[in-house]
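Fold the following for me, if possible:
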Amino acid sequence: MLLEPIDNVEVRVPEDAMGDVMGDISSRRGKIFGMEAVGHYQVIRAQVPAAELHSYATVLRSKTGGRGVFKAWMSHYEEVPREQAEKIIQASEKNRKKEQEA
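Numbering: from 1, shown residues only. Predicted coordinates for the structure are as follows:
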C-alpha cells in the first residue's frame, strides 16, 4: 500500500472566480469541506493531496487574475488510489532499470 500526504488548504478567491477554482480543486483530487464569505471574497476549505499542489500558486493567479491566495499545511496520510499507485510503481521500475544499466 502506498500512502501520500494530504494537505489542508484554504483558498481565498473573489466571488466571480469561485466556480473555476472549485472545479480546479476537484480536478486535483481535492475534497471540498466548506466555504465562507469574507467581504467580497470566498474562503474555500479543502483537503488536497500534496503532490497535486505543485505549481498551484501559478494556476490560482491565472484563474483569479492575481487576486486569489491560498495556504496549505500537512493534515494526514491517505492511501494512494490504485490508478495513481500503478503509475508511480511503473515509473519507479523504469528508473530502477535505468540505474542498473548505467
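
Strands of the protein, residue ranges please.
With strands called from DSSP state E, the chain shows them at 3-14, 31-38, 41-49, 69-79.

Among those strands, which comes closest to Lys87?
Counting by CB to CB, Lys87 lies closest to strand 3-14 out of the strands of the chain; the figure is 12.2 Å. C-beta: built from backbone N, CA, C; applies to glycine.

quick check: angle from the closest one to strand 31-38?
In terms of direction (axes from the mean of the first three to the mean of the last three CA atoms, to 10 degrees), strand 3-14 departs from strand 31-38 by 30 degrees.

and strand 3-14, what does it pack onto?
helix 18-27, strand 41-49, helix 56-64, strand 69-79 (3 or more CB pairs under 8 Å, 6 or more residues apart in numbering; DSSP states H and E).

Relative to the whole chain's centre, how far out is the lengthiest helix in the chain?
Longest helix of the chain, by residue count under DSSP state H: helix 82-101. Put simply, helix 82-101 sits 22 Å off its chain's centre (CA atoms, centre = their mean, to the nearest Å).

swap in stretch 11-24?
On CA atoms, centre = their mean, the centre of stretch 11-24 falls 14 Å from the chain's centre.

again with stretch 5-20
On CA atoms, centre = their mean, the centre of stretch 5-20 falls 10 Å from that of its chain.

ok so, going back, of all the strands of the chain, which one is nearest Thr58?
Closest to Thr58 of the strands of the chain is strand 69-79 (CB to CB; 11.5 Å).

any idea of the mean pLDDT for the closest one?
Mean pLDDT, computed over strand 69-79, is 97.

in its sheet, what does that strand sit against?
Sheet pairing of strand 69-79 (DSSP bridges) gives strand 3-14 (antiparallel).
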